[in-house]
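Trainee: Structure, please.
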Amino acid sequence: MRLFTDRDVGPDIGLALRQVGVEVELYRERYKSGMVPDERWIAEVTSEGLVILTKDTHIRTRRSERTVFEAAGARAFVLATRGATRLVNPPSCADCLASHRVRGCNARGTVHVRD
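Mentor: Below is the predicted model:
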């Protein structure tokens, strides 16, 4: 499984996942020029087989993003947290994601899996 961390997640989680051997592409590395519309990057990374790791729980409620998400057949882990995303225990959360055992990993939020 190859992951893509969007700008809402930030780099920390992606970098921690890399440390445990997960192939992760960071938003800031891919889109060096800055802001890219969600509809564009969702379609692009999904077409390359990447699984999205996001903190944006509103993807499902914004019509244009949801339409692209569903049409592209995107797969995602949505981190539902309060405040800024901060990895409290990087190895355990990263290991959990890396081993595909995620159903409700809770380290300051909940990881929701969507097939």
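
Trainee: hey, where'd the strands end up in this protein?
Mentor: Using DSSP state E, the strands of the chain run over 2-5, 23-26, 51-54, 76-81, 109-114.

Trainee: So which other helices or strands are in contact with the fourth one?
Mentor: What it means is strand 76-81. Counting contacts by 3 or more Cβ pairs under 8 Å, 6 or more residues apart in numbering; DSSP states H and E, strand 76-81 packs against strand 51-54, strand 109-114. The way it works is simple: take the backbone N, C-alpha and C, and place the C-beta from them, glycine included.

Trainee: That one pairs with which strands, parallel or anti?
Mentor: Paired neighbours of strand 76-81 in the sheet (DSSP bridges): strand 51-54 (parallel), strand 109-114 (antiparallel).

Trainee: For it, which residues meet the burial criterion?
Mentor: In terms of neighbour count (16 or more other Cβ atoms under 10 Å), strand 76-81 has its buried residues at 76, 77, 78, 79, 81.

Trainee: right, and out of those residues, which lies closest to residue 66?
Mentor: residue 76 (11.6 Å; Cβ to Cβ).

Trainee: and the gap between the closest one and residue 1?
Mentor: To residue 1, residue 76 is 12 Å away according to Cβ to Cβ, to the nearest Å.

Trainee: ditto for residue 64
Mentor: In this view, residue 64 and residue 1 are 27 Å apart by Cβ to Cβ.
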